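# sequence? don't have it. structure:
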């Protein structure tokens, strides 16, 4: 752990792990408490305080809470779409801490509330396009990842950001079989990570994230296939080299590092030209998939001059 | 037991379909979940493959248990398998592809798992058509030869399933292993038979074996 006196994130803001549990009960009204209160034992989801960010939100019909929380790919809980909702009851998202490491001036292990505290939560209604050719519209609550990253002061050598999901086979039954090489890892180029569309989400539908959606902290990168938006993050590492990513390691010819939504570049086994919007019923046709999931205007410039067939 | 086996099996085979229908029509508060088309397609395909494998279990069971009357359930199981797979195919054709001929042709030509699934289904069509007593009589010995198409169809069915899973190959592996056992049993039996025939032709004494097809 490296600490420096000129940190924006003051050492005094960093909760010693031992003090964390007792302090948790004292905190009132804070976002952190809202999150802390979302422990499954409480039974009911905890409402968050946030403002709506209409500029970054789509006006499309939002999927229902039920759809968003019962149809999930979160292989840590099982490979069936219903497994994350059905088998995540034992998972304890709090207390939670995140380790920041690598090419940054501020590194160390921080309690989740300390990572979030300086930031105002906002709601972003984003399209989510799964690599399996279905999509949803989801009202996330979170903070821009770029704002959080700034506080850790990545160095000039930080070209990429690598993320890691928690590894807890006792609480995550899917991790007891090596469907993927656990723990799940993902990564972004630093310019993708600090893009204003990229957020760290802590909630959905105005409430703290349910376990099956990646509680308590997940990434949301709306112009990339869903698997890039890693869940239940315990580590953020700044790197000079492109970090390995789980699905790319599992099937490199099918899943690339970039994984930008692209109707022109098919998955080797199925077409990506169209998608099924969840919630439109038995008799709704697929709708065309848009380049960068409809966010081309905002993000296409990040990839100028790149052959997107090669860097899929 | 013998008398009730067929009607009981009939009901059992129809249960998954009845359950899917209840869910599809939202009866009793049931539903097909957030992605009803995929759910229908997956469950129909899954039960079709299971029943196809069940059909292939009949002969080995009848022979090894020396219960030739078990053969009486084979056609019914096979036709149930075909029905589920036909519905699986129709779901894909109508609900998924909206009978868009271009998309359908492209899928069959470009997507290997769809190519093999489609091929497997095509192989099963003549088997379903010629499953009647009339066709059995008309085709005679050729009927047996034709119905060996069920072996490549089942193999392609297993491949079709395996090729579309993203990373969790456990379920397709179970089906493939079962199929390997069922086909292996047949291969061994065919070999033993041909040896027996050779032995018979060589004029040696042969022990008669249970003769179910």
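Happy to help now that I have it. Given the structure is predicted, the values throughout are model-derived calculations rather than measurements. Residues are numbered from 1 along each chain as shown, chains lettered A, B, ... in the order given.
# When you work out contacts or count neighbours from here on, use the C-alpha atoms and nothing else.
OK.
# what pLDDT does the residue lying closest to residue A:149 once chain neighbours are set aside get?
Spatial nearest neighbour of residue A:149, chain neighbours left out: residue A:194 (7.3 Å); criterion: Cα to Cα, 6 or more residues apart in numbering or on different chains. For residue A:194, the pLDDT comes out at 98.
# secondary structure element for residue B:161?
Using DSSP states H and E, residue B:161 sits in helix B:150-162.
# With residue B:116 instead?
Element membership for residue B:116, per DSSP H and E: helix B:112-129.
# Off-centre distance for the host helix or strand of residue A:275?
Counting by DSSP H and E, the element that carries residue A:275 is strand A:274-277. Its chain's average C-alpha position is 22 Å from that of strand A:274-277, according to Cα atoms, centre = their mean, to the nearest Å.
# now it: mean pLDDT?
Here the average pLDDT along strand A:274-277 is 96.
# Going by neighbour count, list what's buried in that strand.
Neighbour-count burial for strand A:274-277 flags A:274-277 (criterion: 16 or more other Cα atoms under 10 Å in any protein chain shown).
# mind putting the residues you listed in CSV, distance to residue B:62 included?
Formatted as CSV, the buried residues of strand A:274-277 follow (distance: Cα to Cα, whole Å):
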residue, distance to residue B:62
A:274, 48
A:275, 47
A:276, 46
A:277, 48
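# Tell me the one among those residues nearest to residue A:225.
Using Cα to Cα, residue A:275 comes nearest to residue A:225 of those, at 11.9 Å.
# Who are the contact partners of the closest one?
Applying Cα atoms under 8 Å, 6 or more residues apart in numbering or on different chains, we find residue A:275 in contact with A:129, A:133-135, A:286-289.
# So which residues on the stretch 1-150 of chain A come close to chain B?
A:67, A:70-71, A:79 (Cα under 8 Å from any Cα of the partner chain).
# so which of these is the most crowded?
residue A:71 (20 neighbours; other Cα atoms under 10 Å in any protein chain shown).
# need the contact list for that residue.
A:81-82, A:85, B:33-35.
# again, 6 Å this time
Taking Cα atoms under 6 Å, 6 or more residues apart in numbering or on different chains as the criterion, residue A:71 is in contact with A:81-82.
# Do you know the pLDDT at it?
Taking residue A:71 on its own, its pLDDT is 97.
# what does residue B:207 give?
Per the predicted model, pLDDT is 55 at residue B:207.
# Kindly report the same for residue A:108.
On the pLDDT scale, residue A:108 gets 98.
# Compute the distance between the residue nearest the centre of chain B and residue B:185, please.
Centroid-nearest residue in chain B: residue B:52, 1.9 Å away (criterion: Cα atoms, centre = their mean). Computed as Cα to Cα, to the nearest Å, the residue B:52 to residue B:185 distance reads 16 Å.
# Okay, buried residues for the helix ranked longest in chain B please.
Longest helix in chain B by number of residues, with DSSP state H as the criterion: helix B:170-201. For helix B:170-201, the neighbour count (16+ other Cα under 10 Å) marks B:172, B:175-176, B:178-179, B:182-183, B:196 as buried.
# Any buried residues in stretch A:114-134, and which?
Those would be A:114-116, A:121-134, for stretch A:114-134 by 16+ other Cα under 10 Å.
# Apologies, that question was intended for stretch A:246-265.
Quick answer for stretch A:246-265 (16+ other Cα under 10 Å): A:246-249, A:254-263, A:265.
# anything in that stretch sitting right up against chain B?
No. Against chain B, stretch A:246-265 shows no contacts by Cα under 6 Å from any Cα of the partner chain, the least distance being 7.6 Å.
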